[in-house]
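Engineer: turn this into a model:
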Amino acid sequence: AVVSTQSTGVLVNEGDDETQSLISSQSFSASTKVPRPYEDEPLWRRPFNYSVQHGIDPEKLSRLQRYRYYQRLAPPMTMLVPDHIIPPEFFTVVPIERGQKQSSMVTIFSLWNTMLGTSLLCMPAAMLHSGLILGILVVLGVGAITCYTAVITVQVTMDIQQLDIFRNSPLEFVDVIEYYMPAPAAKVALAAGSSSFLGALVVFWILLSNFTYGTGVTVGNMVSGNFTPAGGSLAGAVCDAYNASYTCFDTDNVTSLVEGESVGAADWGVWSHKTVPIYIILILFPLCCLKSATVLSKFNSLGVVCIAMTVTFVITKAALWGPNITITDTSNYLYVYPAYIDFNKLSGTLTLSFFIHNAVVALVRNNAQPKNNKRDVTVAFIMVALTYGLVGTLFMVTYPLPKCCIANVTSQLLFDNISLNDLMVFFAKIFQIFQLITVYPTVNFVLRSQLFLGVFKDPFCSYKHVVVFNVLTILICVLVSMFFPKVNTVIRYVGSVAGLAYVFFFPCFVYLLHCYKNNTLTWYSAVGHGFLILLGLLNLISQPINFSDYLSHSNSTNLTSLV
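Structural biologist: Presented below is the predicted three-dimensional model:
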């Protein structure tokens, strides 16, 4: 804000003590003042060209007066004052430590680590509903589309950053949306980004409840002396770790294979799937009420450890199991379709799995070579697609029990296809629990700050607002974890909703507006990007639909609905 000072009669920046002292230091004492008319009049009644300062260089005074004149010509940001007109006293040297530049390798792995997450654990179940070959093609196809929209997101933001009005302020893609589109569009983008964060919180709570319950059962077995490390020919494979009598294939031989330990916990027992989500409130609610999540964010690097452990676990189990698959004998319980019509379940999951569009600009901003941003984003997406494809395909091809067990397990997590007495899973879950305890409050803080800034213009407001917000979000997470703990289903619905806005519509539409403004828009570009937006809409509409229900042979698949 610009205000007048009584001592100088000159406009200075409000709150800039150093500027005020510099200007005041040039003023003379009261004894040197020459009486002037209007001296005793209020400031607002003095003529515009009046100044009580004497002895100042006339040229400098002229510049000050011109500065005041420009400021009154038009509102701020409409007419900028040239730098050569502003007197040097109006400048204060402020040391600013710029963000440390990072290499392309660091940028690529930051993108890779951010995209890979909980989707990795449910990728075998999601790919099974597309079939072996079609599943791989869908992973590559969705990865290519989301990679392209992420690249044009970075490209448009970098171009707008070069404009004079944005050159000195870091931009996010939502700022570009607000620049090109009406104000309500930014609200829609905010809602889409918030829905993805809320979906992530729900998934985190489901995972934390599942892992905590399973780890508690294993520790109880160890204490009671009932723990026997999993081994044998199946190397710990079970159809459902929490329901030993369950089988999804009506064959006597298969039934004998899948029998294992029984958890034997009632739904509402002291330690059960229904009560553990409630216990977690005692840990996470106080952490979510912190004003800042800086301390917790330092532990987010554990995500790399968890990803490495998951990939290592799948590779190790695949080596122990060996190939267990057939794509020709439909009567065999190891049969996997080369292609299956319910691929929409995988596309919905992958939309969130590759979702990074609301953060990609921030992650590449400190790249030492900005000209390589597009290349680095592309390489990161290729690495993520290969990781998803590797985990999903290896587990699906080598799992030694009926493949329908992978898709029909309640949580849709690959860990639940392994015995609770498997030591590798036990330690992997412990690491996952610790990481989720630190990640959940961090994501909750980001969602809270984003919503509060958008609604109240304050990222914290008050503890009352924070408590109410945390109660609402945690209530949603607990209810979903208790009554609908299906990770893949939550991911694909949230991904299709948030993805339609942030992955398909806004990147493509803003890119077309950008090309139109620069006279580079072509008809085939408009048609192509319009087709991508249509794909995002069809992806959302298709999520509640099970296309296999309309096939005459759908009963032979032994795959139940993921809804």
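Engineer: which residue ranges form the strands in this structure?
Structural biologist: Along the chain, the stretches classed as strands by DSSP state E are 2-4, 11-13.
Engineer: can I assume T228 is in contact with N421?
Structural biologist: Yes. Look at T228 against N421 with Cβ atoms under 8 Å: they come within range, at 5.9 Å. The way it works is simple: take the backbone N, C-alpha and C, and place the C-beta from them, glycine included.
Engineer: pick out whichever of the two has more residues nearby.
Structural biologist: Shown here are T228 and N421; by other Cβ atoms under 10 Å, N421 has more neighbours (22 against 10).
Engineer: ok, and the closest non-adjacent residue to that one?
Structural biologist: Spatial nearest neighbour of N421, excluding adjacent residues (Cβ to Cβ, 6 or more residues apart in numbering): A230 at 4.5 Å.
Engineer: same check on Q369?
Structural biologist: Ranked by Cβ to Cβ, 6+ apart and with sequence neighbours excluded, the top spatial neighbour of Q369 is S104, at 6.3 Å.
Engineer: got any ranges where the stretch 51-200 of the chain has weak pLDDT?
Structural biologist: The stretch 51-200 of the chain contains residues with pLDDT under 70 at 51-100, 164, 167-168.
Engineer: what about N444, neighbour count?
Structural biologist: The number of residues packed near N444 is 28, by other Cβ under 10 Å.
Engineer: that one is in contact with V202, isn't it?
Structural biologist: No. Judged on Cβ under 8 Å, N444 makes no contact with V202 at a distance of 11.4 Å.
Engineer: and G264, what pLDDT?
Structural biologist: Listed pLDDT for G264 reads 44.
Engineer: give the contact list for Y213.
Structural biologist: Going by Cβ atoms under 8 Å, 6 or more residues apart in numbering, Y213 touches 271-273, 276.
Engineer: buried only: go through those for me.
Structural biologist: Buried by 16 or more other Cβ atoms under 10 Å: 272-273, 276, out of the contacts of Y213.
Engineer: can you tell me how far the residue nearest to N421 is from A183?
Structural biologist: Separation of A230 from A183 (Cβ to Cβ, to the nearest Å) stands at 58 Å.
Engineer: and those two? Which one has more around it.
Structural biologist: A230 (21 against 8).
Engineer: what's the distance between that one and C306?
Structural biologist: Taken as Cβ to Cβ, the span from A230 to C306 is 21 Å.
Engineer: tally of neighbours for L413?
Structural biologist: L413: 26 surrounding residues under other Cβ under 10 Å.
Engineer: so what's the closest residue to it other than its chain neighbours up against?
Structural biologist: Using Cβ to Cβ, 6+ apart and skipping residues adjacent in sequence, the residue nearest L413 is L121, 4.8 Å away. Listed by Cβ under 8 Å, 6+ apart, the contact set of L121 reads 207, 310, 413-415, 487.
Engineer: any low-confidence regions in the stretch 251-400 of the chain?
Structural biologist: In the stretch 251-400 of the chain, residues with pLDDT under 70: 251-267, 293-301.
Engineer: pretty sure S110 is in contact with V360, am I right?
Structural biologist: No. Counting by Cβ under 8 Å, V360 is not a contact partner of S110; they are 10.2 Å apart.
Engineer: more neighbours, the two?
Structural biologist: Between S110 and V360, counted using other Cβ under 10 Å, V360 has the larger neighbour count: 25 against 19.
Engineer: go ahead and confirm the more buried one touches A150.
Structural biologist: Yes. Counting by Cβ under 8 Å, V360 touches A150, with 5.1 Å between them.
Engineer: OK, contacts around the nearest residue to Y335 once chain neighbours are set aside?
Structural biologist: Distances taken as Cβ to Cβ, 6+ apart put T326 closest to Y335, at 5.3 Å, once the chain neighbours are dropped. Counting by Cβ under 8 Å, 6+ apart, T326 touches 332, 334-336.
Engineer: what's the answer for F381, then?
Structural biologist: Counted by Cβ under 8 Å, 6+ apart, F381 has contacts 111, 115, 143-144, 146-147, 150, 354.
Engineer: G389 and P323, how far apart?
Structural biologist: Separation of G389 from P323 (Cβ to Cβ) stands at 17 Å.
Engineer: between the two, who's got more neighbours?
Structural biologist: Neighbours were counted for G389 and for P323 using other Cβ under 10 Å; G389 has more, 19 against 10.
Engineer: quick check, that one in contact with V138.
Structural biologist: No. Using Cβ under 8 Å, G389 is not in contact with V138, being 9.9 Å away.
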